[in-house]
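**Q** coordinates only, no sequence provided:
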Ligand code: GLU
């Protein structure tokens, strides 16, 4: 478990941290996300009296609304299951609540709250008018038939639909929720509400309101961000070796873009292990195994003579120049960070949300490795969701090139905001401080303008 020492937080912000701990016992992932942001806010202390007067921090760490509900459904054999559904409507200072839905057995209130909290600042960094939210369920989609997934999505939406809307709260995908699930969720929403509210969900299919590049956006955006980090350090992806953990939506499209930029991706993973492919990962095969067949990483290796599967140890043992954790929270630990540094890694950028533990971040930053937190580097997904909302509002759709160009501009802009804000507050080159400060200030200033609500 992460070391969340209160002493690392500047003294005047400790009461808020303590109050959050007391109010949310046992929510360790949420504690971790708040701890990181509070450490970063130290340079603001004494500079913004209006934040203190209006209790901005106390209000930012308390969600505006927390929804939990029962999700009953029947499997193909007629057995009844009961899952729990969540939607945390965290902050609407900048726009409608926006954030994905995660279907995974590990989901609980702490995980959804950490994700929702990070989403507030990530969404602010995009510069687009979206607030922060997150939802999901402890439903395990693994091994479930299409019909079971559909019935689960329908039951989940039967309750969720009363809380969401294009100007209220706009869910999308996350782990376990992709195009198929968004389709079933949208269908049920449309049926119950009798409205084709295209903008109520993002990540839709291209013929019914989806945006070009949304599928690719998180992975592509991550690589665009990392490209800017390398450029700022006077180098590029050309000829670089990379390791990308995960093999879901984020990992697949990060690998694709890395290869387009001349890098070689040596390894990727799933929960059963990792593959090392000396010839570089074959993205077309990976897509087929993971997205079409919904198979395991071993199925990939079985069809590639240059690849081997490793089922023990860590993917971070594979030497590389660039490491992109794109699987899940707290997947890159202190020992992994030490191994990466020993093997000469120059850049770590997060495609997943909070994949690097605080101790691992310390190791990377201490060794001078370029390190980007997910709330900056993986913001391309939600940014393109906001572009999807724009297209839905205008009842129009853009070409792939137009959407990709907008995504690229947004990632360049987020990178610039991180570096400029970090420098302005005396933390040059610190992407964590830059992202947290820049995102927080935007949200806090809007909250000040809105008064005590
Ligand atoms: N789940 C993604 C994230 O973590 C995307 C959210 C969205 O598009 O609303 O940012």
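**A** In hand now; what should we look at? On a predicted model such as this, the values are computed, not experimentally measured, just so you know.
**Q** the ligand contacts on the stretch 1-150 of the chain?
**A** 98-100 (C-beta under 6 Å from any ligand atom). No exception for glycine: its C-beta is placed from N, CA and C like everyone else's.
**Q** let's see that with 8 Å instead.
**A** 98-102, 115, 118-119, 122-123, 130, 134 (C-beta under 8 Å from any ligand atom).
**Q** mind putting those residues into CSV with secondary structure, pLDDT and neighbour count?
**A** Shown next, in CSV, are these (DSSP: H, G, I helix; E, B strand; the rest coil; pLDDT from 0 to 100; neighbours: other C-beta atoms under 10 Å):
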residue, secondary structure, pLDDT, neighbour count
98, strand, 98, 29
99, strand, 98, 31
100, strand, 98, 26
101, strand, 98, 30
102, strand, 98, 24
115, helix, 98, 30
118, helix, 98, 29
119, helix, 98, 27
122, helix, 98, 28
123, helix, 98, 31
130, coil, 98, 25
134, strand, 98, 30
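**Q** what two of those have the greatest distance between them?
**A** Pairwise distances across those peak at 17.8 Å for 102 and 130 (criterion: C-beta to C-beta).
**Q** go ahead and flag the most central residue of the chain.
**A** When C-alpha atoms, centre = their mean is applied to the chain, the residue found nearest the centroid is residue 353 (4.2 Å).
**Q** and of the residues of the stretch 1-150 of the chain next to the ligand, the nearest to the ligand?
**A** Nearest to the ligand among these, counting by C-beta to the nearest ligand atom, is residue 100 at 2.7 Å.
**Q** from residue 284, how far off is the closest one?
**A** Applying C-beta to C-beta, to the nearest Å, the value for residue 100 to residue 284 is 26 Å.
**Q** got it, and residue 160?
**A** 35 Å.
**Q** likewise residue 439?
**A** Going from residue 439 to residue 284 by C-beta to C-beta gives 36 Å.
**Q** what distance separates the longest helix along the chain from the centre of its chain?
**A** Counting residues, the longest helix in the chain under DSSP state H turns out to be helix 400-424. Between the centre of helix 400-424 and the centre of its chain there are 16 Å (C-alpha atoms, centre = their mean, to the nearest Å).
**Q** is it in proximity to the ligand?
**A** No: for a cut-off given as C-beta under 8 Å from any ligand atom, helix 400-424 has no contacts with the ligand; the smallest distance is 12.2 Å.
**Q** so after that helix, what's the next helix or strand?
**A** Proceeding N to C from helix 400-424, the next assigned helix or strand is helix 431-450, under DSSP states H and E.
**Q** which other helices and strands contact that following helix?
**A** helix 28-40, helix 49-53, helix 56-60, helix 109-125, strand 370-372, helix 374-377, helix 400-424 (3 or more C-beta pairs under 8 Å, 6 or more residues apart in numbering; DSSP states H and E).
**Q** orientation of that helix relative to helix 109-125 in degrees?
**A** Calculated by axes from the mean of the first three to the mean of the last three C-alpha atoms, to 10 degrees, helix 431-450 forms an angle of 80 degrees with helix 109-125.
**Q** and the average pLDDT for helix 431-450 is what?
**A** Regarding helix 431-450, the rounded mean pLDDT is 98.
**Q** from the chain's centre, how far out does the longest strand along the chain sit?
**A** With secondary structure taken from DSSP state E, the chain has its longest strand at strand 80-91. Per C-alpha atoms, centre = their mean, the displacement of strand 80-91 from the mean C-alpha position of its chain is 18 Å.
**Q** that one pairs with which strands?
**A** When pairing is defined by DSSP bridges, strand 80-91 lines up against strand 65-74 (antiparallel), strand 132-137 (antiparallel).
**Q** next to the ligand, which bits of the stretch 301-450 of the chain? Give me the list.
**A** 353, 374, 378-379, 381-382, 384-386.
**Q** buried residues, the helix or strand where residue 17 lies. List them.
**A** Residue 17 belongs to helix 14-23 when assigned by DSSP H and E. The neighbour-count check on helix 14-23 (16 or more other C-beta atoms under 10 Å) flags 16-17, 20-21 as buried.
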